[in-house]
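Colleague: coords please:
(2 chains)
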Amino acid sequence: MAICLPPGLFAICWWPAVAENQPTTKNRVNKELSNFAARLLPLLRDTARQARPAQDGEFNQLALELFALQFKHNAAYQKICAARDRTPGTIEHWTQIPAVPVAAFKELELTCLAPSERTAVFHSSGTTEQKPSRHFHSAESLAVYETSLWSWFAQNVLPDLRFTIYDLRSENQSAIGSRQSAIFLTPPPSRAPHSSLVHMFEIARQKMGGASIPASRTEFLGRIASDGSWTLDFDAVLAALEDDLKLKTQNSKLILGTAFSFVHLLDYLAERNLRFQLPPGSRVMETGGYKNRSRSMPKVELHALITERLGVPIENVVCEYGMSELSSQAYDVSLGGAGCLQPAEERRGGDTAPYLRRHFHFPPWARVRIISPENGREVADGETGLIRVYDLANVFSVMAVQTEDLGIRREDGFELIGRARMAELRGCSLMSA
Amino acid sequence: MNLPNYYFVDLPPEATLSPVLLTEACQTLKRNRERYLAGRSTEQIVNVLSDVAEAWRKPDNPFRRLALELGPTETGFSMATLKRGLDDFFRQITRDHLHALLTQELGDSRRLDAMTATDVEQKSSRAATVTGPEFLIHIAAGNIPDPTFMGIVLGLLTRSAQFVKCASGSAFLPRLFAHSLYEADPKLGACLELAQWRGGNTDLENILFAEADCVTATGSDETLAALRSRLPACARFLGYGHRVSFGFVAREVLSHAGGPRIASRVTDDVVAWNQLGCLSPHVIYVQPGGEVSPERFAELLADELERREQTEPRGELPSPHAAAITSRRGIYEVRAAHSPETLMWHSKESTAWTVIFEADPRFQTSCLNRFIYVKPAKDLTELLQNAEVVRGKVSTVGLAAPEPQAVELALPLARWGVTRVCPLGQMQNPPLTWRHDGRPALGDLVTWTDLEKGF
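Modeller: Reported below is the predicted structural model:
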């Protein structure tokens, strides 16, 4: 590849120092953004709108409108945009909206919310990070997040089936196990108040019928270890998995957790030579990388082990891609939906094993672009680049977020490769993390 | 590439190396050494090495041509980067330099041939000789050929049968070097074997290690510790951990005329092997108070890197490495937008080069591939305080300072733990007599036999 360089250098040195952005007035209720959020909410309930070109005009209009508001109300973002010479007046299309690197959420308060409006903050995960990302929320912005996550979750994880949340301390024990139930392999919300993932699980739990039951009495079976890392209450997980055996029922289960929590569970089962055959219809949702919290393994291997140890077929395993800096998530298959198995004729080398076309899709109110790390332009279909997300549900922070994850652009979505900085350099120099 | 099948690396990629084949290869290597190498004189080896090196520097040399033609695809380095790197290495391999190395490390350049004595030894009626390992294994890492080339050169001087295990996908240049030796002297070439596999293939590695008298390895501290634990107790292990390097520019040399000259030398160090070597700088510390400020120096460096990209392009990067640069630029772009204490210059529409100026003097490891930091340091004391985080991991410090001052700075740097101090512009180009990570490169391979006379 030839690298063409225009003459002249590119320098950035325009703006005076500020420690943190400060909203212009304290205790301001941001009417403009509130209005935008109120108008957005009905759209977030409508997952049927696919990201077809016909809808691009609507998305574009909303995106430009939101960009103008965020430019106005998010001081830290405004400086970044100005440094790139991109302001509401100078752009015409959502693809021109400046994306903020996720790392900036660690250093700046990238929010339109005044300090007094902030009621919650989500941090990036990872036990070793000294300075986590901070995504601030208010009651209003949480409502947007919750509507967004539930719509797309229900569409992709529960399209044909409802799971029930039951009270572990219920007097009526015979009712337990007689219903399809969900198991969460994360700590409960009270123990992980800054995890956007746990918040998502809690909202899903409430929406699945558990709203009247305290989270502590449902199946959040993760625990916090003494070093702050997440682990599992293995006895409780085993008890939950054995329900059906004991009660001789055939009610399917939904197990949700991080990739590393599944590795912990699968290792535990392997050590004891335990295997389960969960009832038909049972499904698994796994998300995220490993972040040194367990040994890491390729997705294909993880899914094969889930099938081997839990008896959940790979077509009933869905991966989620999300992060604390966003308010919408992508899923790589739609469970229960038709056609998620790749047709035999598309498979490689006469491979007859079930093979999933695992392409991630965001909901219609978010767009993804795969950006060449070399030149900053969108890559062609089938090429690798950095994942950039434009999420309308990020109303009160920053809509356009540049991740550090690599993906392969696929016409109808993207394939996830993973974190770019894991790259191994080829020399003998000490590499920086 | 049409090279004869002399080595395992010459086999087609689908051919797998079996434990049986490897065991046989080890026996053959030892046998060949006994027949063809053990009895050679140092002078003969020095002649072959210097002739081969001289040949590599001639434009029509077939191995050089292959390296330059196919190298960009095989290694990711541009032709110009390969040319400079190979020339710099082979320029060092001369009769004089080899003799200087032997004399430096062994006291006498005939130590490997006979019982010899220095003046001091003669006075005390002593003599000594050295013997190299019978079977020497190199666990080579990465794409920079210099350490692997040097390992082979030293192993030939010590008359060792050698097995070079390359990291998978990085055997291209060592393979060409081995073939050039074979062509010059087939019997000598037959005492060498090259293979590549992904590290951690214990079936194969255990066979090798069981045969080894000495193993050299380059890698992370974890890799080295793991390797060491798998070696037999009697085998000598020479591990070279990952290292970082940095530069320091004194204010006295930062005149209006001197600034650009030094920026050009720093550029030499940054573009050499695309900064991937452990001798390449991560940070250039610049002393304020000269005619050229640290910020201005960073800008001069950017100018020079941009110019150099036209003549010595960095070459294409795999996506993960380009993404590492882009992600890091993103962070500095945000910082620069919020504070004048961070400045960034970079190639447009490519990741070819990046200069970051930060007022924060704390040492920062680079993501490399021509990504360099410039930071102010008011003196050496302040610099070393800020580099404390990499203390014990620093190989080279490149200096630009008036000679008396540079010499003065060398002692505190040595006491702090730096193992090499050199002029800026020479960081990635050490002399043959360089003591790798502060250890005698040749001296570490051999075993001494002392003779005390007076029978």
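
Colleague: isn't B:Asn61 right next to B:Ala53, touching?
Modeller: No - counting by CB atoms under 8 Å, B:Asn61 sits too far from B:Ala53 to count as a contact (10.5 Å). Where you see a C-beta, it was placed from the backbone N, CA and C, and this is true even at glycine.

Colleague: the two - which one has more neighbours?
Modeller: Neighbour count, other CB atoms under 10 Å in any protein chain shown: between B:Asn61 and B:Ala53, B:Ala53 has more, with 22 against 17.

Colleague: leaving out sequence neighbours, find the closest residue to that one.
Modeller: B:Ile93 (3.4 Å; CB to CB, 6 or more residues apart in numbering or on different chains).

Colleague: ranges for the helices of chain A?
Modeller: A:31-44, A:53-73, A:75-83, A:104-107, A:139-157, A:196-205, A:234-247, A:259-271, A:299-310 (DSSP state H).

Colleague: want to throw the ones you listed into a markdown table with mean neighbour count, distance to chain B and mean pLDDT?
Modeller: Shown next, in a markdown table, are the helices of chain A (neighbours: other CB atoms under 10 Å in any protein chain shown; distance: least, CB to the nearest CB, whole Å; pLDDT from 0 to 100):
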| stretch | mean neighbour count | distance to chain B | mean pLDDT |
| --- | --- | --- | --- |
| helix A:31-44 | 16 | 22 | 94 |
| helix A:53-73 | 17 | 13 | 89 |
| helix A:75-83 | 21 | 4 | 96 |
| helix A:104-107 | 22 | 4 | 93 |
| helix A:139-157 | 21 | 22 | 94 |
| helix A:196-205 | 23 | 21 | 94 |
| helix A:234-247 | 16 | 29 | 82 |
| helix A:259-271 | 19 | 20 | 95 |
| helix A:299-310 | 18 | 17 | 93 |
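
Colleague: can you put those helices in CSV and add distance to B:Ala100?
Modeller: Converted to CSV, the helices of chain A look like this (distance: least, CB to CB, whole Å):
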stretch, distance to B:Ala100
helix A:31-44, 73
helix A:53-73, 65
helix A:75-83, 54
helix A:104-107, 52
helix A:139-157, 69
helix A:196-205, 63
helix A:234-247, 65
helix A:259-271, 55
helix A:299-310, 54
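
Colleague: closest to B:Val253 out of the ones you listed?
Modeller: helix A:75-83 (33.4 Å; CB to CB).

Colleague: check the offset of that closest one from the chain's centre.
Modeller: In terms of CA atoms, centre = their mean, to the nearest Å, the centre of helix A:75-83 is set 26 Å apart from its chain centre.

Colleague: same deal with stretch B:408-424?
Modeller: 19 Å.

Colleague: list the contacts of it.
Modeller: With CB atoms under 8 Å, 6 or more residues apart in numbering or on different chains as the contact definition, stretch B:408-424 has outside contacts at B:247-249, B:262, B:265-266, B:269, B:279, B:380, B:384, B:391-392, B:394-401, B:406, B:430, B:434-435, B:437-438.

Colleague: nearest to B:Arg84, of the helices of chain A?
Modeller: Among the helices of chain A, helix A:75-83 comes nearest to B:Arg84, with 35.9 Å by CB to CB.

Colleague: does anything pack onto that closest one? Which helices or strands?
Modeller: helix A:53-73, helix B:319-338 (3 or more CB pairs under 8 Å, 6 or more residues apart in numbering or on different chains; DSSP states H and E).

Colleague: what is the neighbour count of the residue of chain B found nearest chain A?
Modeller: Nearest to chain A, among the residues of chain B, is B:Leu276, at 2.8 Å (CB to the nearest CB). Burial of B:Leu276 is recorded as 23 neighbouring residues (other CB under 10 Å).

Colleague: what do you get for the one 5 residues further on?
Modeller: A count of nearby residues for B:Pro281, using other CB under 10 Å, gives 25.

Colleague: which ones are touching it?
Modeller: Contacts of B:Pro281 by CB under 8 Å, 6+ apart are B:Ser245, B:Phe246, B:Gly247, B:Val266, B:Asp269, B:Val270, B:Gln275, B:Ile372, B:Gly398, B:Met427.

Colleague: which of those residues lies closest to A:Phe396?
Modeller: Using CB to CB, the contacts of B:Pro281 come closest to A:Phe396 at B:Ile372, 38.3 Å.
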